[in-house]
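[1] Below is the sequence, then the predicted model.
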Amino acid sequence: MTKALTALTISAALLAAPAFAETINIKFSHVVAVDTPKGQAAEFFKKRAEELTGGKVKVDVYPNSQLYKDKEEMEALQLGAVQMLAPSLAKFGPLGVKDFEVFDLPFIFNNYDDLHKVTKGEAGKALLAKLEPKGIKGLAYWDNGFKSMSANTPIKTPADLKGKKLRIQNSKVLEEQMRAIKAIPQMLAFSEVYQALQTGVVDGTENPISNFYTQKMHEVQKYMTITDHGYLGYAVIVNKKFWDELPADIRGQLETAMVEATDYANNIAKEKNDQDLEAVKASGKTEVTVLTPEERAAFRSAMLPVHDKMAGRIGKETIDAVYKAVSFQK
Ligand code: LMR
């Protein structure tokens, strides 16, 4: 009798076991190369998440728009086809959370220290909370860097970009920024930029140097100017339902992995951009120009009216919170 009961208990336990032992899979999709700040941080998160959960969580990272392009990945996250993304902050406007476009405002941050006053402070937290009604949980901000401009003709003044078709991300603020210098903004998915530059569909683009170099844009752009006119970075997001339904201990371990991956991302971002700038120069294919403070000031005054123009769209409260955090001076 006891033997039979024991056998029954064991088989019941065995039957029940697979449900508990099932691995939790996280698909993490992104659009950039592996050897970028975001690409490296995603790999780091995978490693730590798998280690800290003792293999109970498996993270599969899909880089380079392999799985989804910019727009599709957002939809896939909301539908639960992928669980984790790190879209650039510009890509939340089309989702209906326009406040994020505050990060696209030209010349709003002077440097990474300014940026961190927002991303590591209350204003940043309040922005992530705005994603929740969309079924999205914001976990962290990952840095990339400040954008440079490129084209096939030299860029020293805003007038040098007049009439040029310049690729932008899908952001109304970036559209206005390009119009402010009388360029023609062209919205394209990141995965399409290299070919568009190569075939002349667009004349130029803006991006941090790590994206420029790893997409080989230097092969199809003769000139790049370090304008540092705006910032491009990321919010790491998960499907909220997936996250909320995780066992609490696993969620805690993943939170720890995310904190570590965020430190890692933010430690390597500047260094990777600096290294890639050297690599662009060494390629001999793109001539790199550094602006004098006066030349850069000309870009600033041409682009600054975008702040007031877009205040209604972004939300005055959000802009004021960021201005306050960085002590912004017009
Ligand atoms: C872009 O579309 O230029 C960037 O958002 C790509 C990225 O994710 O860094």
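    Cool, got the structure.

[2] Please make it C-alpha for all contacts and neighbour counts, starting now.
    Will do.

[3] Could I get the full set of helices for the stretch 1-150 of the chain?
    Using DSSP state H, counting those that start in this stretch, the helices found in the stretch 1-150 of the chain span residues 2-21, 37-52, 70-79, 112-119, 122-129.

[4] which residues are contacting stretch 293-310?
    With C-alpha atoms under 8 Å, 6 or more residues apart in numbering as the test, stretch 293-310 has contacts from 105-107, 156-158, 173, 176-177, 180-181, 227, 229, 330.

[5] Just the buried ones among the residues you listed, please.
    For the contacts of stretch 293-310, a burial check counting by 16 or more other C-alpha atoms under 10 Å picks out 105-107, 156-158, 173, 176-177, 180-181, 227, 229.

[6] Turn the contacts of stretch 293-310 into CSV, including pLDDT, secondary structure and distance to the ligand.
    Conversion of the contacts of stretch 293-310 to CSV gives the following (pLDDT from 0 to 100; DSSP: H, G, I helix; E, B strand; the rest coil; distance: C-alpha to the nearest ligand atom, whole Å):
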residue, pLDDT, secondary structure, distance to the ligand
L105, 98, coil, 15
P106, 98, coil, 15
F107, 98, coil, 18
K156, 98, coil, 22
T157, 98, coil, 22
P158, 98, helix, 20
V173, 98, helix, 14
E176, 98, helix, 16
Q177, 98, helix, 15
A180, 98, helix, 19
I181, 98, coil, 19
T227, 98, coil, 16
H229, 98, coil, 14
K330, 89, coil, 27
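
[7] which ones are touching the residue lying closest to Y264 once chain neighbours are set aside?
    Excluding its sequence neighbours, the residue lying closest to Y264 (C-alpha to C-alpha, 6 or more residues apart in numbering) is A41, at 6.5 Å. A41 is in contact with A261, T262, Y264, A265, counting by C-alpha under 8 Å, 6+ apart.

[8] Could you check how far the last one is from E271?
    I take that to be A265. Separation of A265 from E271 (C-alpha to C-alpha, to the nearest Å): 10 Å.

[9] I figured V220 hits L197, correct?
    Yes - in terms of C-alpha atoms under 8 Å, V220 counts as a neighbour of L197; the distance is 6.3 Å.

[10] By residue count, tell me the biggest helix in this structure.
    In the chain, assigned by DSSP state H, the helix with the most residues is helix 248-283.

[11] In that helix, which residues are buried?
    For helix 248-283, the neighbour count (16+ other C-alpha under 10 Å) marks 250-251, 253-254, 256-258, 260-262, 264-266, 268-270, 272-273, 276-277, 279-280 as buried.

[12] Stretch 208-222 now?
    Those would be 208-215, 217-222, for stretch 208-222 by 16+ other C-alpha under 10 Å.

[13] one step back: Serialize the contacts of A41 to JSON lines and add fields for distance to D320 and pLDDT.
    JSON lines is the format used below for the contacts of A41 (distance: C-alpha to C-alpha, whole Å; pLDDT from 0 to 100):
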{"residue": "A261", "distance to D320": "30", "pLDDT": "98"}
{"residue": "T262", "distance to D320": "26", "pLDDT": "98"}
{"residue": "Y264", "distance to D320": "30", "pLDDT": "98"}
{"residue": "A265", "distance to D320": "27", "pLDDT": "98"}
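
[14] wait, which of those is closest to L166?
    Nearest to L166 among the contacts of A41: A265, at 28.2 Å, using C-alpha to C-alpha.

[15] wait, doesn't the closest one sit right on D35?
    No - look at A265 against D35 with C-alpha under 8 Å: they stay out of range, at 11.8 Å.

[16] where does the protein dip in pLDDT?
    1-21 (pLDDT under 70).

[17] what residues does the strand ranked longest in it touch?
    Longest among the strand segments of the chain by residue count, using DSSP state E, is strand 136-146. Here strand 136-146 makes contact (C-alpha under 8 Å, 6+ apart) with 37-38, 78, 112, 119, 128-129, 131-132, 207-208, 228-240, 243, 258-259, 262, 265-266, 269-270, 273.

[18] Show me what it pairs with in its sheet, parallel or antiparallel.
    Strand pairing for strand 136-146, using DSSP bridges, gives strand 231-239 (antiparallel).

[19] now the angle from the strand it pairs with to helix 37-52?
    Interaxial angle of strand 231-239 relative to helix 37-52 (axes from the mean of the first three to the mean of the last three C-alpha atoms, to 10 degrees): 30 degrees.

[20] Can you show me the CA trace of the following helix or strand past strand 231-239 as PDB?
    Later in the chain than strand 231-239, the nearest helix or strand by DSSP states H and E is helix 240-244. Below are the C-alpha coordinates for helix 240-244, written out as PDB (Å, rounded to 0.1, in the frame of the first residue of the first chain):
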ATOM      1  CA  LYS A 240       4.000  44.200 -19.200                       C
ATOM      2  CA  LYS A 241       1.800  41.100 -18.900                       C
ATOM      3  CA  PHE A 242       4.800  38.800 -19.400                       C
ATOM      4  CA  TRP A 243       6.800  40.700 -16.800                       C
ATOM      5  CA  ASP A 244       4.000  40.900 -14.200                       C
END
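
[21] In helix 240-244, which residues are buried?
    Neighbour-count burial for helix 240-244 flags K240, F242, W243 (criterion: 16+ other C-alpha under 10 Å).
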